[in-house]
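Undergrad: Turn this into a model:
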Amino acid sequence: MYQFDIDRPHARRMLATSEKHLSGVIADRLADDGCFGRIRSKGDEALFGGFSTADMKARLGVPKAHPLADFLPLITIKVKDLVNELTQMNIVKRKQHTEVDITREHEANNRAMREFLTGRGLRPEDLRPAEDIEHVERRCRQEQENQVVPV
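TA: Sure, this is the predicted structure:
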């Protein structure tokens, strides 16, 4: 098993945690339950060069019932996690309390990360899809179960 196979599920869990924290910060400031999805979607468009979450799922062949992040390469997962942390920190620091302000913040952070990646020759929307994270996790578990512990 490659270290990559271990790192990607861990990064995906970290992204889920940062999404939950960001969602909580947004929920504390806005009464609209659907706003987190709209904000996250606008962020994805900024990160993926104008492609929406649905567009990216289609480009990568992600089944409709699965999260896009389960098929993203490790670098994209880590970028999305960092953007969530930046957004959460700045919402609190700048005392943002409107969907417009929070959306702008999230979009700006995603654009900044896109500029960084494209400056290094990586376009997030053009990266190849990764194996379904559920399959990777299953393979990791099976390999751990099959390891013999020396006595």
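Undergrad: which SS state does Ala130 fall under?
TA: coil (DSSP: H, G, I helix; E, B strand; the rest coil).
Undergrad: Phi first, then psi, for the residue nearest to it when sequence neighbours are not counted.
TA: Leaving aside its sequence neighbours, Ala130 sits nearest to Pro73 (CB to CB, 6 or more residues apart in numbering; 4.8 Å). In this view, the C-beta of every residue, glycine as well, is placed from N, C-alpha and C. Here is the backbone geometry of Pro73 (degrees, to the nearest 10): phi -70, psi 160.
Undergrad: how close does Pro73 get to Leu22?
TA: 21 Å (CB to CB, to the nearest Å).
Undergrad: Check Val79 too.
TA: Per CB to CB, Val79 is found 14 Å from Leu22.
Undergrad: same question, Glu143
TA: From Glu143 over to Leu22 (counting by CB to CB), the distance is 33 Å.
Undergrad: ok, now Phe36?
TA: For Phe36, the distance to Leu22 (CB to CB) stands at 8 Å.
Undergrad: Between the two, which is the more surrounded one?
TA: Between Phe36 and Leu22, counted using other CB atoms under 10 Å, the more crowded position is Leu22 (24 against 20).
Undergrad: Now do the helix or strand containing Pro9: distance to the chain's middle.
TA: Per DSSP states H and E, Pro9 falls inside helix 3-29. Remark: helix 3-29 is offset 7 Å from the chain centroid, using CA atoms, centre = their mean, to the nearest Å.
Undergrad: now do stretch 103-110
TA: For stretch 103-110, the distance to the chain centre is 14 Å (CA atoms, centre = their mean).
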